[in-house]
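Engineer: I would like the atomic coordinates for the input below:
(one chain, ligands or ions: 2)
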Amino acid sequence: MAILCAENPSLHDTLTNYNVDLLWHPSLSTATPRELEATIERICAGEQELTVLCVEGAIALGPDGTGMFDSMFGEAKMDIIKRLADRAQFVIAMGTCAAFGGVSAAGCNPTDSVGLQFRQSDPGGLLDPSWRSAGGLPVINVAGCPAHPSSMVRTLVAALLGAPVELDPLNRPAEFFSTTVHRGCTRNEYHEYNVEEKAFGGDGCLFINLGCQGPTTQAICNTELWNGESSKTRAGAPCIGCTAPNFPKPQNLLVTLKVGPIPLSLPLGVKRAKYMAYKGLARDAAPERLQPTAPQAKTAATATAEEVDNG
Ligand code: SF4
Ligand code: SF4
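Structural biologist: Ligands and ions are numbered 1, 2, ... in the order given. As a prediction, the model looks like this:
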């Protein structure tokens, strides 16, 4: 549903301007299940063209590789998707579940859920790593939980036009996944001077204590704002890393795991020894106007952070 928030262009404009015949969408289509089944069979018989297949949600392989935990018309959805994927010019995984398995594949993964072409960060999910669509590309992974509306709709437009889509090593479109959530965050000046909040509600950075994964998460959330207005970190919540193949990490997502005072995961590409030296100097140089603004009361998150801190 997040794609309905797209503004530049909107989903409606995309469908209209590019003369898209939307064959089926779970929320927008009025087709009956029988009509959907007939459409699928026409595509698989080669009687109906399929330019772009967009898949949302993880693929359940269980139980025992049958896929019957998730079936439709008496057939495992994994088999239906395979048949459709082999007919499509381009296949797009919309969201982290379809791309890597996401929430459905977390923990003990009782449904044996995978992404379309990845099992979390390992190549090969429902489809083999060497699989390519008729247009010559692997599954295009527009990761996110939910995926960013601009990323979804602009990738869709590129596929409709048959335009080249540069992919990163996780087959995500490089245009949307080569920057971090940290870029453009309004809390960056606080991060720079190591002014870190210990409780929610202030203007400071959320990296050291409150679980923010913005410096390690590749997404455009702070450079193309959601609904043209805001982002998680702008609204005071940490980035929880939803575009990563290992999302969600098995930990309290509102607490930063640390070794001593330093987070386990440092900003992408930063060396630990240099980071520690820089942080010490930065805090001493912080101007008065950047002092913590949140009431530094002991919240549950703070208490847990301190427990982790103390080993
Ligand atoms: S809150 Fe997160 S994204 Fe924002 S500056 Fe701090 S670490 Fe970066
Ligand atoms: S801020 Fe982080 S967790 Fe939130 S949508 Fe963006 S990438 Fe996902």
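
Engineer: What parts of this protein come near ligand 2?
Structural biologist: Within the chain, the positions adjacent to ligand 2 are 144, 181, 217, 219, 221, 231-232, 239-243 by C-beta under 6 Å from any ligand atom. The C-beta positions use only the backbone N, C-alpha and C, and glycine is treated the same way.

Engineer: ok, and of the residues you listed, which contact ligand 1?
Structural biologist: Near ligand 1, by the rule C-beta under 6 Å from any ligand atom, you find 181, 239 out of those.

Engineer: In contact with the closest residue to ligand 1 within the chain, which residues?
Structural biologist: Residue nearest to ligand 1 within the chain: Gly214 (2.5 Å; C-beta to the nearest ligand atom). Shown in contact with Gly214 (C-beta atoms under 8 Å, 6 or more residues apart in numbering): 180-182, 185, 206-207, 222, 233, 238-239.

Engineer: Backbone dihedrals for it, please?
Structural biologist: With angles defined as degrees, to the nearest 10, Gly214 sits at phi -50, psi -40.

Engineer: List buried residues within the contacts of Gly214.
Structural biologist: 180-182, 185, 206-207, 222, 233, 238-239 (16 or more other C-beta atoms under 10 Å).

Engineer: Among the residues you listed, which one lies nearest to Cys54?
Structural biologist: Of all these, Cys54 sits closest to Val181, with 23.8 Å by C-beta to C-beta.

Engineer: pretty sure Pro123 contacts Pro129?
Structural biologist: Yes - using C-beta atoms under 8 Å, Pro123 is in contact with Pro129, at 3.8 Å.

Engineer: joint contacts of the two?
Structural biologist: With C-beta under 8 Å, 6+ apart, Pro123 and Pro129 have common neighbours Gln117.

Engineer: who has more neighbours, those two?
Structural biologist: Pro123 (15 against 12; other C-beta atoms under 10 Å).

Engineer: mind listing the helices for this protein?
Structural biologist: 11-17, 33-44, 77-85, 96-100, 149-161, 174-177, 188-192, 272-285, 300-309 (DSSP state H).

Engineer: rewinding a little: out of the buried ones among the contacts of Gly214, which comes closest to ligand 2?
Structural biologist: For the buried ones among the contacts of Gly214, the nearest to ligand 2 is Cys239 (3.2 Å; C-beta to the nearest ligand atom).

Engineer: quick revisit: gap between the residue of the chain closest to ligand 1 and Leu50?
Structural biologist: Gly214 is 37 Å from Leu50, where distance means C-beta to C-beta, to the nearest Å.

Engineer: Gln291 now?
Structural biologist: Applying C-beta to C-beta to Gln291 and Leu50 gives a distance of 58 Å.

Engineer: Which one of those two is surrounded by more residues?
Structural biologist: A count of neighbours by other C-beta under 10 Å puts Leu50 above the other of Gln291 and Leu50, at 22 against 12.

Engineer: How much space separates that one from Cys44?
Structural biologist: 9 Å.

Engineer: do Asn209 as well
Structural biologist: Noted for Asn209: a distance of 53 Å to Cys44, by C-beta to C-beta.

Engineer: more crowded one of the two?
Structural biologist: In this view Asn209 and Cys44 are compared by other C-beta under 10 Å, and Asn209 has more residues nearby, 27 against 15.

Engineer: Who's the closest spatial neighbour of the residue nearest in space to the middle of the chain, skipping the chain neighbours?
Structural biologist: The C-alpha lying nearest the average C-alpha coordinate of the chain belongs to Gly144 (C-alpha atoms, centre = their mean; 1.6 Å). Leaving aside its sequence neighbours, Gly144 sits nearest to Thr243 (C-beta to C-beta, 6 or more residues apart in numbering; 5.0 Å).
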